Structures are given as structure tokens and as C-alpha cells.
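Student: just coords:
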């Protein structure tokens with residue numbers, strides 16, 4: 001186990017000259033003709049400057065990544081099987097990916113997409129606005145499947161997960177203090193029924209991460225569920241220690257508005273490093289911290305920024321995923337900027353951490369990023385291109401063209417010929 005005193009890995013190597021990314025890019029663009037600012041803080045370029053930016057940031061911008069397409073197609077395939085009531089085929093296939101822990105390039109598990117598709121007859125009635133009666137009316141097929149063989153854990157898991165989805169729709173996803181007593185009581189009925197469906201099965205004996213996850217997800221809805229949360233997480237982690245969904249889910253439930261605090265999150269993030277024995281290693285640390293950092297500004301002060309960036313590089317080297325590279329680059333980009341809700345004192349305290357994360361952003365761009373996935377960033381194409389220039393403030397100010405290289409985006413001089421262009425300039429996962 002890695003602790004704060006003597007088990008910390010060495011800091012990631014810093015890239016020279018990247019400590020003033022945001023200020024450097026701001027200064028550079030303030031000197032361009034036709035540049036102004038919108039009231040929302042976004043940079044607005046003249047038509048000429050925008051065309052220049054598009055020409056010189058020659059990086060593919062995709063509306064959808066290969067992996068997102070793959071995940072959606074698998075989910076659709078299982079949804080079609082469910083609509084046709086081909087349940088034995090569904091059970092065999094989901095059981096296979098559950099036992100194998102088969103992953104997409106980013107490390108996400110196939111069984112998440114397969115299960116989502118299989119439950120579509122229920123869940124399509126819960127989004128975007130819950131139609132609870134219609135969702136409940138879709139349960140009998142799963143109930144009959146489970147009743148036909150109560151010794152098989154997989155029908156029980158599907159039935160339990162369908163009831164968990166209904167329970168969460170009744171309850172709402174907000175923290176416990178924000179849920180009405182009426183909603184808690186209504187949801188508790190379905191959380192209890194989900195528990196009853198799977199309580200006779202042991203996830204460790206059956207080697208089933210899906211079963212362990214299902215049991216874990218009922219904790220907010222059962223009496224004294226917080227008392228079981230950590231033990232049931234241990235079982236899930238023993239079965240699938242590098243599952244990014246598991247790491248993100250448990251860190252959310254350890255937030256102060258649920259069952260833990262930020263100190264426990266950092267402790268568990270460090271434990272996750274030693275558990276990730278399939279090669280992910282340090283990459284588990286940012287995976288565990290990612291969700292808390294996205295939802296709580298105070299979390300930033302609790303991370304070890306060098307360990308976080310080292311973990312990002314470890315994860316991206318292990319998974320070699322453009323989806324994940326975009327997600328981490330976008331996260332580091334956002335975290336390197338002070339939140340508008342932060343007080344000046346809080347912003348000053350976190351300034352060194354944000355500066356280091358800004359360096360980490362540039363490192364990810366230069367070492368891992370080959371294409372840009374617009375939905376991940378939530379930025380316009382122009383703002384996304386501007387963000388890329390912040391990883392190359394001096395090069396871009398000197399007239400460089402940014403383009404995909406062998407491993408990441410590189411700065412090339414305008415007179416570089418075709419022979420200098422990398423063979424895999426348009427590579428993607």
C-alpha cells in the first residue's frame with residue numbers, strides 16, 4: 001500500500017517552459033488582429049484569424065469517437081435481442097464477457113454495454129423522463145427468466161439491475177439529504193426486491209464482477225446500506241480491480257455528501273494503485289479521483305498533482321486509447337483553470353496545483369493526443385483549437401503548425417515537407 005510518507009512514486013518529469021500556459025496563450029492571442037472577447041469569457045476571433053487558426057491547428061475533430069460508436073452498437077445489438085426475447089443468447093453472451101472482463105480500448109467493460117442493451121425494454125421508459133408504470137410493466141419477462149432457473153445467477157443479476165434502475169429513478173441521483181422521505185420509501189421497495197433476487201449468490205464464488213457491482217449498487221436504498229458499502233466494494237475490487245466504472249462509482253459514494261470524505265478518497269485512490277495488478281498501476285489513481293474532481297472544487301486541494309499526472313500517463317500508455325486521452329486532456333484543461341465559484345483566497349491556494357495540472361495537460365497533448373473528440377470537451381471547434389495552442393505557446397507564436405505526430409500532437413514549421421509528416425497522422429483507436 002502506498003502512503004503519504006514513504007510510498008509515493010517519483011513525480012512525473014516536467015516539460016520545460018509550460019508553467020505559464022494560460023497566460024502565454026492569452027498574451028499571444030491578444031496581439032492578433034480582430035481579436036475580442038465575448039461576455040462569457042470565450043475568445044472570439046475575426047473571420048481571418050479563425051481561418052488562420054483552423055489552418056494551423058491541423059488536428060482531426062470528430063463528432064463521435066470509434067469507441068463511442070462501438071459501445072453504442074453493442075448496446076443496440078443486445079437491445080434487439082431483448083426485443084426479440086432471445087434471452088438464452090443474451091445470457092450466454094453476457095456471462096462470457098462478465099467472466100472474461102473483456103474491455104474496450106479505454107478499459108471500459110463490454111458487459112456494461114451488453115447489460116445496458118439487455119435492460120433496454122425497462123430503461124427506455126426511464127429516460128429522459130421516468131415513466132415508472134411502463135418500466136414496471138416491462139419486468140415480467142425478466143422475472144419469468146429468473147423463475148425458470150433460480151440457480152443461475154445471470155437472470156437474477158439482470159432482474160436485480162432492472163429493479164435497481166427503477167429504484168434510482170424513483171429516488172433520484174442526488175445525495176441522501178436531498179431525497180424526500182416519500183421517494184426513499186418508494187425506492188426502498190425496489191432496492192429490497194433487487195437484493196432478494198441476488199442475495200443467495202456469492203460474487204466471489206461465481207467470479208462475477210457484474211454480481212458484485214449489482215450488490216454494491218443497492219447500498220443507498222437498503223437500511224444501514226452505508227455499513228455494507230466498503231465490504232461490498234472490497235469484493236468488487238478483488239474481482240475486477242482495474243474497472244474504471246468501479247473506481248469512479250466508489251469514489252462518488254465516498255464523497256462527503258454520501259458515506260465518506262476526501263481524505264478517504266485519497267487513501268482509497270492510493271490503495272487502488274496496488275490493486276491494479278493487470279498493468280494499469282498508477283493509472284488507477286486519477287481514475288479514482290476523476291469524478292470527485294469534476295463535482296467538488298474543494299477536492300483539488302487533496303490530490304497529489306505529480307502522482308495524478310504520472311497516473312494519467314500510465315493509464316494512457318496502458319490503454320492506448322484516444323477516447324481516454326481526450327477525456328484526460330479535457331479534464332486537465334478544465335482543472336488548470338480556477339473555477340468561477342472559487343474565492344480569490346481558494347484560487348490562490350490551489351494555484352500551484354492548477355499550474356502543475358496545466359503542465360500535465362500539455363504533456364498529454366504532446367505525448368498521447370492524435371485526434372480531438374468534440375463531445376468530450378464541450379467546446380466549439382474554435383475554442384478546442386485554441387485549447388491546443390496552449391500546449392505550444394512559444395511554437396505557435398513563432399508560426400508553427402500543430403498536427404498529429406507519431407505519439408501526440410506536434411509543432412511543425414510551415415516549410416516542413418511531406419517527407420517529414422508521420423505515417424500515422426490520422427491514426428485513431
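Tutor: Alright, I've got the coordinates. Just so it is clear, the model here is predicted, and its values are computed rather than measured.
Student: residue 295 contacts residue 256, correct?
Tutor: No: with contacts counted by Cβ atoms under 8 Å, residue 295 stays clear of residue 256, the gap being 11.0 Å. C-beta here means a position set from N, CA and C on the backbone, and glycine is covered the same way.
Student: between these two, which is the more surrounded one?
Tutor: Neighbour totals were compared for residue 295 and residue 256, and residue 256 leads with 16 against 11 (other Cβ atoms under 10 Å).
Student: can you give me the helices in the stretch 201-350 of the chain?
Tutor: With DSSP state H, counting those that start in this stretch applied, the stretch 201-350 of the chain shows helices at 203-206, 209-216, 225-239, 244-253, 262-275, 284-295, 305-319, 322-335, 344-367, listed in chain order.
Student: looking at the ones you listed, which is nearest to residue 72?
Tutor: helix 322-335 (12.6 Å; Cβ to Cβ).
Student: now tell me what touches that closest one from outside.
Tutor: 65-68, 104-107, 286, 290, 293-294, 300, 309, 312, 315-316, 354, 357-358, 360-361, 364-365, 368-373, 376-378, 387, 390, 428-429 (Cβ atoms under 8 Å, 6 or more residues apart in numbering).
Student: can you turn the buried part of the residues you listed into a PyMOL selection?
Tutor: Paste this into PyMOL to select the buried members of those, with burial taken from 16 or more other Cβ atoms under 10 Å:
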select buried, resi 65+66+67+68+104+105+106+107+286+290+293+300+309+312+315+316+354+357+358+360+361+364+365+368+369+370+371+372+373+376+377+387+390+428+429
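Student: mean confidence for the helix or strand containing residue 154?
Tutor: According to DSSP states H and E, residue 154 maps onto helix 153-171. Confidence over helix 153-171 (mean pLDDT, whole number) is 97.
Student: quick one: that helix to chain centroid distance?
Tutor: Here the centre of helix 153-171 is set off from its chain's centre by 23 Å, with Cα atoms, centre = their mean, to the nearest Å.
Student: return the distance of stretch 375-383 from the chain's centre.
Tutor: Relative to its parent chain, stretch 375-383 has a centroid offset of 17 Å by Cα atoms, centre = their mean.
Student: likewise stretch 383-396?
Tutor: Per Cα atoms, centre = their mean, the centroid offset for stretch 383-396 relative to its chain is 24 Å.
Student: could I get the pLDDT score of residue 58?
Tutor: Looking at residue 58, its pLDDT reads 97.
Student: for residue 406, same thing?
Tutor: pLDDT at residue 406 comes out at 94.
Student: follow-up on the earlier one: direction-wise, compare the helix holding residue 154 with helix 209-216 and give the angle.
Tutor: 40 degrees (axes from the mean of the first three to the mean of the last three Cα atoms, to 10 degrees).
Student: following helix 153-171 in sequence, what is the next regular element?
Tutor: helix 181-198.
Student: what comes into contact with that next one?
Tutor: The contact list for helix 181-198 (Cβ under 8 Å, 6+ apart) reads 146, 153, 156-157, 159-161, 163-164, 166-168, 170-172, 211, 214-215, 218, 220-222.
Student: likewise stretch 110-130?
Tutor: 71-72, 74-83, 90, 93-94, 97-98, 102-104, 131-132, 134-135, 138-139, 141-142, 158, 161-162, 165-166, 169-170, 209-210, 245.
Student: and residue 241, what are its phi and psi?
Tutor: Per-residue torsions, residue 241: phi -60, psi -20 (degrees, to the nearest 10).
Student: that one touches residue 274, doesn't it?
Tutor: No: counting by Cβ under 8 Å, residue 241 stays clear of residue 274, with 9.1 Å between them.
Student: quick one: which of the two has more around it?
Tutor: When residue 241 and residue 274 are compared for neighbours, residue 241 comes out ahead with 20 against 13, by other Cβ under 10 Å.
Student: what about the helices in the stretch 1-150 of the chain?
Tutor: Using DSSP H, counting those that start in this stretch, helices in the stretch 1-150 of the chain cover 21-30, 47-56, 66-83, 87-100, 110-118, 120-123, 132-137, 140-148.
Student: in the third one, what's buried?
Tutor: If I follow you right, that is helix 66-83. Quick answer for helix 66-83 (16+ other Cβ under 10 Å): 66, 67, 68, 70, 71, 74, 75, 78, 79, 81, 82.
Student: just the fourth one next, same as before
Tutor: Along helix 87-100, these residues count as buried under the neighbour rule (16+ other Cβ under 10 Å): 87, 90, 91, 93, 94, 95, 97, 98.
Student: identify the residue nearest the fourth one in space, chain neighbours excluded?
Tutor: Right, residue 93. residue 114 (6.4 Å; Cβ to Cβ, 6 or more residues apart in numbering).
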